[in-house]
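Chemist: Show me how the following folds:
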Amino acid sequence: ISGGNSPLIYSHPFGNTRSPAPEPPQDSTLQRIRQRGFLRCGVRRLVGFADFNATTQEWRGIDVDFCRAVSAAIFNGVFNTIEYIELSSQERFESLRSGKVDILCRTTTATFERDVLIPSVGEGFSFSQTTFYDGLAFGGLPPYGACANGLRTLEECADLKICVGIGTTTYTVVQGLFAARYIVVRDSTVAALQGLALGLCNAIATDSSGLSFENIRSVGLHNGPFQIGDQLYSKEPLTPVVRQDDPVFASFVYWVVSATFYAEEQGITQQSNSNEMPVVSLFGNAYVSMLNKVIEAVGNYGEIYERNLGRIIPRSGANLLN
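Modeler: Numbering: from 1, shown residues only. Just a heads-up that it's a prediction; the model follows:
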């Protein structure tokens, strides 16, 4: 797969955001969240995306910031009214369908199938704009990280064993690249990473962002030699997800994400001039300052990226502003 050099972070035109519209109905997702008093956000613990500090009892990461952005838009700038719920790859869509969470900001790849129908769940879901473009990569102990990266299984690579989490797009792609005897299936991506430390495998397959040394060490893996592949074998547009039964909430989240792109494009920052964001009447009077509150809470996309991922994954390629 070509890594691509074209920036894909794109701010869509807003149109006339002052067009008057009624308040969302009482049984809508927005109204239920407001009545409950907090947003339920499904996450996956991963350095740079959703990392929990046990000392401060605080979450941080790019996915966390988009949960906060949605909270700020709903609760007039209050961005910490959130319950973070950790979900495995297998749990996430059923948890969203059942209402256990309102939104997934959880390293989830947008696909045609997931948009239309996930057979195991019985329905499809609504995806926002992508917040991070990633791809499947391999890593592992020498020489097996290089073996997997080069799709080699002969000679010194004959004992290759690749751990991969089930219920992911990664698992599907790896099945197409390697025979079953080289694949060790684990319950989750975290379990796949831990499988290396347990000696169940000598290589791992996951999104390239999950192969940073910070993430490798965060799950208790060794500090010895570790090879990270330089090839990408899939396209993984990681995107917030909501249910399809409420198109108003799907649009709300979509434009919250897009607002962070717009702010970067316009040079609007968290500290300087967030009041330059457009006024919005399209969701009723309660949300007229929603875009302003988003930028006050988390800043523009460039600020969000640098704060959470800049030291781990230097911004480049598809994750640059178009």
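Chemist: Wasn't V185 part of a helix?
Modeler: No. With DSSP: H, G, I helix; E, B strand; the rest coil as the criterion, V185 is assigned strand and is not in a helix.
Chemist: May I see the buried residues of the strand or helix carrying Y262?
Modeler: Element membership for Y262, per DSSP states H and E: helix 247-266. When neighbours are counted by 16 or more other CB atoms under 10 Å, the buried residues of helix 247-266 are found to be 248-250, 252-265. Where C-beta positions appear, they are placed from N, C-alpha and C, glycine not excepted.
Chemist: Which elements pack onto it?
Modeler: Applying 3 or more CB pairs under 8 Å, 6 or more residues apart in numbering; DSSP states H and E, one finds that helix 247-266 contacts helix 29-36, helix 62-74, strand 241-243, helix 290-298, helix 301-308.
Chemist: The residue nearest the centre of the chain in helix, strand or coil?
Modeler: Nearest to the mean C-alpha position of the chain, by CA atoms, centre = their mean, lies T107 at 3.0 Å. What three-state DSSP gives for T107 is coil.
Chemist: could you point out where this structure is predicted with low confidence?
Modeler: Applying pLDDT under 70 to the chain flags residues 1-4, 219, 222-223, 273-274.
Chemist: for it, what spans make up the strands?
Modeler: Secondary structure of the chain, counting by DSSP state E: strands at 39-43, 51-53, 58-60, 82-86, 103-104, 125-127, 132-134, 136-140, 162-165, 183-186, 203-207, 227-228, 236-238, 241-243.
Chemist: Please tabulate these in JSON lines, including the columns distance to A69 and mean neighbour count.
Modeler: Putting the strands of the chain into JSON lines (distance: least, CB to CB, whole Å; neighbours: other CB atoms under 10 Å) gives the following:
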{"stretch": "strand 39-43", "distance to A69": "10", "mean neighbour count": "24"}
{"stretch": "strand 51-53", "distance to A69": "17", "mean neighbour count": "14"}
{"stretch": "strand 58-60", "distance to A69": "14", "mean neighbour count": "16"}
{"stretch": "strand 82-86", "distance to A69": "11", "mean neighbour count": "17"}
{"stretch": "strand 103-104", "distance to A69": "11", "mean neighbour count": "26"}
{"stretch": "strand 125-127", "distance to A69": "16", "mean neighbour count": "22"}
{"stretch": "strand 132-134", "distance to A69": "14", "mean neighbour count": "22"}
{"stretch": "strand 136-140", "distance to A69": "27", "mean neighbour count": "27"}
{"stretch": "strand 162-165", "distance to A69": "27", "mean neighbour count": "26"}
{"stretch": "strand 183-186", "distance to A69": "32", "mean neighbour count": "19"}
{"stretch": "strand 203-207", "distance to A69": "22", "mean neighbour count": "28"}
{"stretch": "strand 227-228", "distance to A69": "31", "mean neighbour count": "18"}
{"stretch": "strand 236-238", "distance to A69": "15", "mean neighbour count": "22"}
{"stretch": "strand 241-243", "distance to A69": "14", "mean neighbour count": "24"}
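Chemist: okay, these in a markdown table with distance to L282 next?
Modeler: Listed next are the strands of the chain as a markdown table, based on distance: least, CB to CB, whole Å:
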| stretch | distance to L282 |
| --- | --- |
| strand 39-43 | 20 |
| strand 51-53 | 34 |
| strand 58-60 | 30 |
| strand 82-86 | 24 |
| strand 103-104 | 19 |
| strand 125-127 | 17 |
| strand 132-134 | 27 |
| strand 136-140 | 38 |
| strand 162-165 | 39 |
| strand 183-186 | 44 |
| strand 203-207 | 34 |
| strand 227-228 | 44 |
| strand 236-238 | 26 |
| strand 241-243 | 17 |
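Chemist: right, so of those, which gets closest to N322?
Modeler: Closest approach to N322 among these (CB to CB): strand 132-134, 11.6 Å.
Chemist: Please verify my assumption that Y182 contacts A158.
Modeler: No. If you go by CB atoms under 8 Å, Y182 and A158 don't touch, sitting 9.6 Å apart.
Chemist: Mind checking which of those two has more residues around it?
Modeler: Counting neighbours by other CB atoms under 10 Å for Y182 and for A158 shows that Y182 has the greater number, 19 against 10.
Chemist: so who does the closest residue to the more buried one other than its chain neighbours touch?
Modeler: Using CB to CB, 6 or more residues apart in numbering and skipping the chain neighbours, the partner closest in space to Y182 is L160 (5.2 Å). Counting by CB atoms under 8 Å, 6 or more residues apart in numbering, L160 touches Y144, C147, A148, R152, T153, F178, Y182, N202, A203.
Chemist: just those residues now: which is nearest E123?
Modeler: Using CB to CB, the contacts of L160 come closest to E123 at F178, 31.5 Å.
Chemist: quick revisit: highest mean neighbour count out of the helices and strands packed on helix 247-266?
Modeler: helix 62-74 (a mean of 27; mean count of other CB atoms under 10 Å).
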